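Asker: predicted model and sequence follow; I will ask about them next.
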Amino acid sequence: MDRKPKETKCCSALPEVPEEAYSSGPDSSSLSDGQTSCVELDQATVKSPASSELPPPEPQSKVVTYPWNSPLIRAVALGQDRNAPWKKDMEDVSVLLQNYGAKKGTGFFGVFDGFYGRASAEMAANELSVLLLEQLVRVDPSFLLDGKQKDFLSRMATLLKRDDARLGPEGPVDVEVTSKEQQMTQAFARAFSNMDCVLGLGRGETSKFRWSACTSVVCVVDQETSSAPEKSGHKASQGTLHIANCGNIHAVLCKHGKSFRLTKDHSTANSAEHKRILREGGSISPNKHHGLVEGLLKATRALGNYGDQRLRRLVIPVPHQVSLSLEPSAELLVLGSSGLWGGGLEPEDVAPVVQRCVQDWRAQLGRQRAKREQRCRALRGSEAREDTGDNAEDMTVEGTKKQTSTGGEEDDHEPAATNRLPTDEHVEEDRGRSNEDDKELAGNICKKLIKKAVAAGSRENISVIVILFQGIDEVDTRV
């Protein structure tokens with residue numbers, strides 16, 4: 001019998017709720033190992049597009065924060081905004097999995113940007129992680145499948161592709177897979193291909209004329225243990241980021257005060273993708289900036305599209321994949337749907353947002369610490385005044401004897417316990433961050449990014465996952 005921690009899953013499906021329940025403030029939810037918690041994020045009701053002469057509306061966003069059971073990750077925040085002035089429905093779906101593949105400390109994160117409905121996005125959010133795990137267990141024995149996952153894979157056995165053809169960025173290739181990075185590229189390619197096949201079953205689709213599709217970005221934060229012990233004698237925890245995207249949906253890593261896009265832009269704005277569409281006999285209409293594939297989509301790669309065979313032939317489900325070591329200087333990772341980036345927000349805009357949020361957050365912690373220290377001083381002063389009162393002559397230094405009324409001596413017993421005052425040691429402990437502080441910072445960054453995307457002119461659903469790493473302490477807020 002396999003002994004393994006159980007996966008904890010959050011936010012795989014996000015149904016709509018009335019606008020009255022909408023909140024722009026952070027909402028925290030604690031998760032413990034062995035339990036499952038699905039979080040519903042709210043969407044606002046439909047509004048007319050704002051006039052171009054008016055300032056952009058305030059985002060009606062909902063942000064949920066999570067602690068994370070990993071030495072690599074401090075906290076995670078998930079935020080969504082339907083962008084009500086422009087979108088009737090929320091078609092984005094996000095997923096967070098703790099202890100992914102029964103591997104403690106390893107997490108799976110995904111954002112799925114649906115169009116023509118959310119059926120494909122919901123299906124991919126629930127099942128792509130299982131299809132990827134099937135591939136990972138073949139190359140890494142530290143990953144394990146549980147009973148439900150094995151049952152799902154057995155039911156899909158006749159549908160899923162299990163030939164020995166190698167899958168590359170443009171499809172099957174005859175290449176020997178040797179390195180870990182090549183193995184991960186192969187694993188992601190097969191998982192996305194299999195997910196695309198599963199979507200062909202049409203489960204959950206409501207339209208007879210056009211089935212839904214989705215672009216995707218997923219990340220596995222793989223925790224590994226180094227064989228070299230730290231100075232304390234314990235083995236050091238290391239991590240690797242494995243990221244794949246399919247479409248105009250991106251992951252951005254912040255380190256050393258700069259932001260770096262780790263994904264490839266699969267859209268008509270990418271000249272290589274633009275040429276590929278034309279080379280395969282497709283058309284790109286000029287009615288939008290950079291044009292639309294067949295007049296319908298800006299994304300050139302996606303999952304699904306079974307309702308339009310011509311579009312399906314051109315818009316392929318082949319992801320771009322990258323693996324890199326999680327260095328101590330890594331501050332945070334942002335996964336965002338096309339709505340976060342489509343309105344003019346660029347990857348390089350993320351770092352300044354992070355610096356401003358960290359600066360405000362540190363100032364808030366400083367004010368809170370100053371208040372605690374002020375209370376400590378006031379309590380010490382109160383204690384000192386009480387000690388110099390009417391009974392001062394009865395007080396002696398610890399370890400001495402005091403005279404009795406008969407002139408004899410008696411042992412000086414330990415005085416009765418009194419209310420313990422905060423000491424310098426406690427104040428020093430307060431200077432460290434708590435888990436709630438980390439979640440608050442992740443949530444603030446999430447809200448700020450959504451607000452900035454709306455102000456930049458986004459007209460799409462917006463979904464953001466912010467993952468705080470240990471390097472967040474090293475953010476330099478000096479301008």
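Answerer: Okay, I see it.
Asker: is it fair to say Ala351 lies in a strand?
Answerer: No. Inclusion of Ala351 in a strand is not indicated when DSSP: H, G, I helix; E, B strand; the rest coil is applied; the result is helix.
Asker: now Gly204: how far from Leu159?
Answerer: Taking CB to CB, to the nearest Å as the criterion, Gly204 is separated from Leu159 by 16 Å. (Each C-beta comes from the backbone N, C-alpha and C, glycine too.)
Asker: any regions of this structure where pLDDT drops low?
Answerer: For the chain, residues meeting the criterion pLDDT under 70 lie at 1-59, 161-178, 225-237, 383-433, 478-479.
Asker: the host helix or strand of Leu253 pairs with which strands?
Answerer: Leu253 is part of strand 250-255 when elements are defined by DSSP states H and E. For strand 250-255, sheet partners with direction are given as strand 258-261 (antiparallel), strand 330-336 (antiparallel), following DSSP bridges.
Asker: which one of these lies closest to Asn245?
Answerer: Each of the strands paired with strand 250-255 has some distance to Asn245 by CB to CB; the shortest is strand 330-336, at 9.0 Å.
Asker: distance from the chain centre to the closest one, please.
Answerer: For strand 330-336, the separation from the chain centroid amounts to 7 Å (computed by CA atoms, centre = their mean, to the nearest Å).
Asker: list the helices and strands whatever helix or strand comes next after that strand packs on?
Answerer: Beyond strand 330-336 on the C-terminal side, the first helix or strand identified by DSSP H and E is helix 338-341. The contact analysis (3 or more CB pairs under 8 Å, 6 or more residues apart in numbering; DSSP states H and E) places helix 338-341 against helix 435-455, strand 462-469.
Asker: could you tell me the angle between the first one and strand 330-336?
Answerer: By that I understand helix 435-455. Between the axis of helix 435-455 and that of strand 330-336 there is an angle of 50 degrees, by axes from the mean of the first three to the mean of the last three CA atoms, to 10 degrees.
Asker: over to the closest residue to Met156 other than its chain neighbours: give its phi and psi.
Answerer: In space, Met156 comes closest to Val198 once its chain neighbours are excluded; the distance is 6.3 Å by CB to CB, 6 or more residues apart in numbering. The main-chain torsion angles of Val198 are listed as degrees, to the nearest 10 and equal phi -60, psi -40.
Asker: Val198 and Asp151: what is the separation?
Answerer: Following CB to CB, the distance that separates Val198 from Asp151 is 15 Å.
Asker: so for the two, which sits in the more crowded spot?
Answerer: When Val198 and Asp151 are compared for neighbours, Val198 comes out ahead with 21 against 11, by other CB atoms under 10 Å.
Asker: might one say that the more buried one is in contact with Thr158?
Answerer: No. Counting by CB atoms under 8 Å, Val198 does not reach Thr158; the two are 11.8 Å apart.
Asker: how about the helices in this protein?
Answerer: Along the chain, counting by DSSP state H, helices occupy 119-139, 147-155, 180-199, 271-279, 309-314, 338-341, 350-387, 424-430, 435-455.
Asker: looking at those helices, which is nearest to Ser463?
Answerer: Distances from Ser463 to each of the helices of the chain were compared using CB to CB; the minimum, 7.0 Å, belongs to helix 338-341.
Asker: can you list the neighbours in contact with the closest one?
Answerer: With contact meaning CB atoms under 8 Å, 6 or more residues apart in numbering, helix 338-341 is reached by 81, 83, 92, 113, 215, 247-250, 298-299, 347, 449-450, 453, 458-464.
Asker: tell me which of the helices of the chain sits most buried.
Answerer: When you average the neighbours per residue for each of the helices of the chain (mean count of other CB atoms under 10 Å), helix 338-341 leads with a mean of 27.
Asker: chain center to that helix: distance?
Answerer: 15 Å.
Asker: near Glu346, how many other residues are there?
Answerer: Other residues near Glu346 number 11, with proximity taken as other CB under 10 Å.
Asker: state the distance from the residue nearest to Met156 to Ala102.
Answerer: From Val198 over to Ala102 (counting by CB to CB), the distance is 22 Å.
Asker: rewinding a little: enumerate every residue touching the residue nearest to Met156.
Answerer: Applying CB under 8 Å, 6+ apart, one finds that Val198 lies in contact with 123, 127, 131, 156, 159-160.
Asker: for this protein, which strand is longest?
Answerer: For the chain, the strand that runs over the most residues, judged by DSSP state E, is strand 213-229.
Asker: show me how far that one is from its chain's centre.
Answerer: 12 Å.
Asker: that strand pairs with which strands, and in what direction?
Answerer: Partner strands and pairing direction for strand 213-229 (DSSP bridges) are strand 107-115 (antiparallel), strand 235-246 (antiparallel), strand 303-304 (antiparallel).
Asker: the inter-axis angle of the longest one versus strand 462-469?
Answerer: Right, strand 235-246. Using the same axes, to 10 degrees: strand 235-246 against strand 462-469 is 160 degrees.
Asker: for strand 235-246, buried residues please.
Answerer: 237-246 (16 or more other CB atoms under 10 Å).
Asker: same deal with stretch 331-340?
Answerer: In stretch 331-340, residues buried by neighbour count (16+ other CB under 10 Å) are 331-340.
Asker: so how far is Asn270 from the closest residue to Lys264 other than its chain neighbours?
Answerer: Here the nearest residue to Lys264 in space, its sequence neighbours aside, is His320; by CB to CB, 6+ apart that works out to 3.9 Å. Using CB to CB, we find His320 at a distance of 11 Å from Asn270.
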